[in-house]
Structures are given as structure tokens and as C-alpha cells.
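Undergrad: Any chance you could fold what I've pasted below:
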Amino acid sequence: MSQMSAVNRKHIQALVETISKQVEHFNKTEIECLIRGFNGLLREPTVLENACSGLDRGRFRSILHNMFGMTDDMIMDGVFRTFDKDNDGLVSMKEWIGGLSIFLRGSLDEKIKYCFHVYDLNGDNYISREEMFHMLKNSLIMQPTEEDPDEGIKDLVEITLKKMDHDHDCRLSFADFEKAVREENLLLEAFGTCLPDATSIESFERHVFEEQREY
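TA: All right, here's what the predicted structure looks like:
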């Protein structure tokens with residue numbers, strides 16, 4: 001048992017060294033806690049030896065919901081796509097830690113790129129009028145009125161385009177989105193909540209990093 005735990009410990013230390021060179025915003029102690037936490041989320045003790053292990057879409061979405069209070073299916077799918085860099089349908093340990101570094105502690109530059117990718121539903125590097133419509137319709141709570149709610153969403157899309165579409169091609173490129181957010185930071189999550197609030201971040205970090213005090 002002690003020999004196994006020594007091997008495991010060595011393996012974790014090697015992973016910490018590798019990941020710390022690739023990921024900003026976390027120190028080595030925090031990365032070790034995140035590795036152990038990831039193994040707990042998978043509920044698979046052999047995850048370190050299993051290169052195919054990762055969080056599938058369902059597990060990932062339940063974590064976003066339970067730990068960060070996210071409820072919008074479309075946005076959660078976008079967050080999953082953004083974490084899943086190699087597009088294999090699983091968020092690996094390295095993808096999880098790399099994604100969390102921006103999700104929890106990213107700079108404005110990193111968050112602008114992250115949010116744009118979440119909102120670019122079909123991955124064509126533009127946020128189209130249709131994509132805006134679907135995301136806003138999904139994220140807004142519609143009040144029952146006699147007016148067609150879709151008309152209200154369409155009006156909101158047009159207002160948003162007018163404010164953010166700097167090159168007037170009726171869709172948002174990354175340059176449009178970045179310029180608009182730099183001018184008005186509140187537009188970062190214009191199409192739905194895809195970043196955790198301060199309370200969720202504090203709670204998650206306390207939960208994961210409390211292991212530090214045990215070493």
C-alpha cells in the first residue's frame with residue numbers, strides 16, 4: 001500500500017510539474033489540489049493511469065450547475081466546448097485545470113476570448129444574429145404579455161448589434177466583441193452568464209484548496 005501511494009505521489013508530482021508549465025494563475029500546491037479534486041469528480045481511482053478518462057458533457061454540466069449555479073443549457077454546452085480543447089467529447093484533467101485557470105482567475109483578455117468562444121455556438125468565429133437570438137431567448141425570463149415575446153428578443157438583438165457590431169456586417173467578429181467589451185466591461189456576458197460570480201469562486205476555491213492545509 002505504501003509503495004503504491006509513493007508511486008501515485010510521484011505520478012502526481014510529475015503531473016504538477018507538467019501542468020504548472022502550461023497553466024497560469026495556479027501555484028503548484030493548488031494544481032496538486034485540483035488534480036486530486038479532479039480524480040474525486042471522476043470517481044475513478046485509476047484515472048492517473050487511464051489516458052482516456054475525463055468529464056463527459058453530462059458530468060461537466062452537473063458540476064457547473066451544482067458548484068457554480070449555472071442553469072442555461074445552451075451556455076453550459078458552450079462552456080463545455082470551450083474547456084474541451086481537443087474536441088473529443090471529454091474534459092481531461094489538463095483541460096479542466098487549464099479551463100479553470102481562466103474561468104476562476106482569468107485576465108480580462110482571457111475572459112473576452114473565453115466568452116466569445118462560449119457564445120460562438122457553431123464555431124465559425126462569428127456570433128450571428130441567430131445565435132444571439134437563441135442565447136437571449138434561452139437566458140431571459142419572459143414575462144407573460146400579449147405581445148409576441150420573440151419580437152422583444154429580436155428588438156434586443158438589434159439593439160445589441162447596433163452597440164457591438166463595429167464593422168456593420170450584421171454579426172459579431174472577435175474584433176467587434178473585444179472592442180465593445182473593452183469600451184463597456186458589462187458587455188462581457190451580454191448573451192448569458194458563463195462565468196462564476198465571486199461567491200461561487202470563493203466557495204469552490206475554499207472547497208478544493210482546503211487540502212493545502214492538510215499537507
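
Undergrad: Could you list the residues in contact with stretch 200-207?
TA: Taking CB atoms under 8 Å, 6 or more residues apart in numbering as the criterion, the residues outside stretch 200-207 that touch it are 67, 68, 69, 104, 196. For the C-beta atoms, the positions are set from N, CA and C on the backbone; glycine is no exception.

Undergrad: Extract the C-alpha trace of it and format it as CSV.
TA: What follows is stretch 200-207, C-alpha atoms only, in CSV (Å, rounded to 0.1, in the frame of the first residue of the first chain):
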residue,chain,number,x,y,z
SER,A,200,-19.2,30.8,-6.2
ILE,A,201,-15.4,31.3,-6.9
GLU,A,202,-14.7,31.7,-3.2
SER,A,203,-16.8,28.7,-2.2
PHE,A,204,-15.2,26.5,-4.9
GLU,A,205,-11.6,27.5,-4.1
ARG,A,206,-12.2,27.1,-0.4
HIS,A,207,-13.6,23.6,-1.0
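
Undergrad: In helices, which of the contacts of stretch 200-207 appear?
TA: Among the contacts of stretch 200-207, the members found in helices (DSSP state H) are 67, 68, 104.

Undergrad: how about the residue nearest to the first one when sequence neighbours are not counted, secondary structure?
TA: The one in question is residue 67. Distance criterion CB to CB, 6 or more residues apart in numbering; nearest residue to residue 67, sequence neighbours excluded, is residue 204 at 5.5 Å. Look at residue 204: counting by DSSP: H, G, I helix; E, B strand; the rest coil, its state is helix.

Undergrad: What number of residues are in the vicinity of the residue nearest to residue 120 when sequence neighbours are not counted?
TA: The shortest distance from residue 120 to any residue that is not its chain neighbour, by CB to CB, 6+ apart, is 5.7 Å, and that residue is residue 127. Close neighbours of residue 127, defined as other CB atoms under 10 Å, add up to 28.

Undergrad: What's the per-residue pLDDT of residue 127 here?
TA: According to the predicted model, the pLDDT of residue 127 comes to 98.

Undergrad: phi, psi of it?
TA: In this entry, residue 127 is assigned phi and psi values of phi -100, psi 110 (degrees, to the nearest 10).
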